[in-house]
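Undergrad: coords below, sequence missing:
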């Protein structure tokens with residue numbers, strides 16, 4: 001496909017979302033606050049960074065990793081065909097959580113069939129098609145944020161309660177398709193029935209804002225009505241995707257077949273790293289470590305959370321110290337993640353890492369039950385564990401949801417633009433967010 005090489009050699013940083021897959025639902029952003037931080041970073045680094053562009057990719061929420069990787073491939077191919085990416089440019093893929101597995105799957109598939117072509121915008125002329133090799137040649141940097149490289153116990157736990165998961169999703173769809181606001185009451189009732197005491201929950205705030213934003217109400221402003229309709233259709237489609245394809249949970253599980261990158265054996269992983277080296281792809285990994293709200297035995301696994309055994313429930317598990325600033329959402333996620341089939345990938349020893357943030361702390365061993373509320377921290381140490389950067393924060397802190405940010409638009413039905421979705425009491429703050437993302441941008445340039 002004939003395209004003129006780039007005179008400036010632009011760098012395209014593509015942000016790939018995790019499990020829930022969206023770039024934005026209405027005005028709820030997955031990567032919250034990253035664009036303002038990118039602007040600050042550019043100013044601090046000088047005018048020579050003008051040839052760097054930031055892109056946000058909108059994926060399927062819970063589809064199989066291979067399906068999500070194919071969508072990412074088509075996204076890149078389309079922009080290559082349209083001249084947005086040209087030879088001489090480079091692409092840096094930044095994947096959070098499941099998004100990191102999407103990247104690994106994409107690179108694996110591209111390398112296995114380099115001559116495969118992908119029709120773009122209905123083109124039938126071979127000269128107008130993009131090959132796998134065209135895409136692979138542009139990818140030069142990969143960043144992994146909180147990626148379950150070896151799977152996560154949460155996925156195995158959710159798989160074991162498939163019926164309950166389906167009931168939850170169908171209730172959410174029914175609530176949104178009906179009068180919509182009862183969806184909030186349903187969500188709060190589920191959580192409050194489980195816990196006797198909790199702090200205000202960022203997840204409920206986020207859902208409430210999404211629902212409010214999707215309701216046009218009595219507005220006579222055509223723009224407000226149109227935006228409300230758009231937000232409603234986005235949420236409805238998102239819930240429909242979740243209800244019809246939840247295969248990502250199988251790919252994130254520790255146990256299962258070898259089709260998922262999280263379950264590649266040693267030979268495949270070595271081949272995978274060899275592919276990256278041959279293609280000139282350099283990687284960087286950030287592992288997130290959440291606050292420990294429970295007391296488990298050091299040097300061994302935590303007991304699995306069994307719904308039929310009340311003694312394993314989060315609120316009956318001994319804590320190392322009181323945790324009044326954590327919410328039930330975080331504690332549920334942490335408890336489900338703590339116990340399960342994950343083992344240290346080297347077979348016997350815990351990975352050791354020095355915190356990247358907060359800086360200055362001493363290196364520490366990572367227990368197999370340590371996690372960030374969603375993913376086991378030990379699972380994030382790959383492909384080169386000794387160079388993994390350890391960040392003290394929860395799974396969603398690192399993508400900007402570490403504090404509540406009020407909406408700047410006073411007339412908007414949305415009260416917040418960002419949320420502390422997992423109240424983990426991690427201490428992550430604007431300085432930590434800036435340090436992590438400045439490092440990401442510096443690496444990608």
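TA: Noted; the coordinates are in hand. Note that this is a predicted model, so its numbers are computed, not measured.

Undergrad: so residue 143 is in which element?
TA: strand 139-145 (DSSP states H and E).

Undergrad: for that strand, the distance to its chain's centre please.
TA: 14 Å (Cα atoms, centre = their mean, to the nearest Å).

Undergrad: for the helix or strand following that strand, the averaged confidence score.
TA: Sequence order places helix 153-159 as the next helix or strand after strand 139-145, per DSSP H and E. For helix 153-159, mean pLDDT rounds to 92.

Undergrad: list the helices and strands helix 153-159 packs on?
TA: helix 248-252, helix 328-338 (3 or more Cβ pairs under 8 Å, 6 or more residues apart in numbering; DSSP states H and E). Placement of C-beta: from N, CA and C, glycine included.

Undergrad: run through who's touching the strand holding residue 143.
TA: Residues outside strand 139-145 that contact it (Cβ atoms under 8 Å, 6 or more residues apart in numbering): 90-97, 99-100, 103, 107, 276, 279-286, 288, 380, 398-399, 440, 443-444.

Undergrad: strands of the stretch 301-445 of the chain, start to end?
TA: 352-353, 355-357, 364-365, 389-392, 405-406, 416-418 (DSSP state E, counting those that start in this stretch).

Undergrad: most packed of these?
TA: When these are scored by mean count of other Cβ atoms under 10 Å, the highest mean neighbour count falls to strand 389-392 (a mean of 22).

Undergrad: okay, now the sheet partners of that one, with direction.
TA: When pairing is defined by DSSP bridges, strand 389-392 lines up against strand 282-289 (parallel), strand 355-357 (parallel).

Undergrad: how far away from the center of its chain is that strand?
TA: 16 Å.

Undergrad: which residues are contacting it?
TA: 284-289, 353-358, 361, 377, 398, 426-428, 432, 436, 439.

Undergrad: buried subset of those?
TA: Using 16 or more other Cβ atoms under 10 Å as the burial test, the contacts of strand 389-392 include 284-289, 353, 355-357, 377, 398, 426, 428, 432, 436, 439 as buried.

Undergrad: I'd like the mean pLDDT over stretch 269-283, please.
TA: 96.

Undergrad: buried ones in that stretch, by neighbour count?
TA: 269, 272, 275-276, 279, 281, 283.

Undergrad: check stretch 108-117 too.
TA: Buried, per 16+ other Cβ under 10 Å, within stretch 108-117: 108-111, 117.

Undergrad: how about residue 61, secondary structure?
TA: What DSSP: H, G, I helix; E, B strand; the rest coil gives for residue 61 is coil.

Undergrad: what pLDDT is listed against it?
TA: The model's pLDDT for residue 61 equals 85.

Undergrad: that one touches residue 67, doesn't it?
TA: No. Using Cβ atoms under 8 Å, residue 61 makes no contact with residue 67, being 11.0 Å away.
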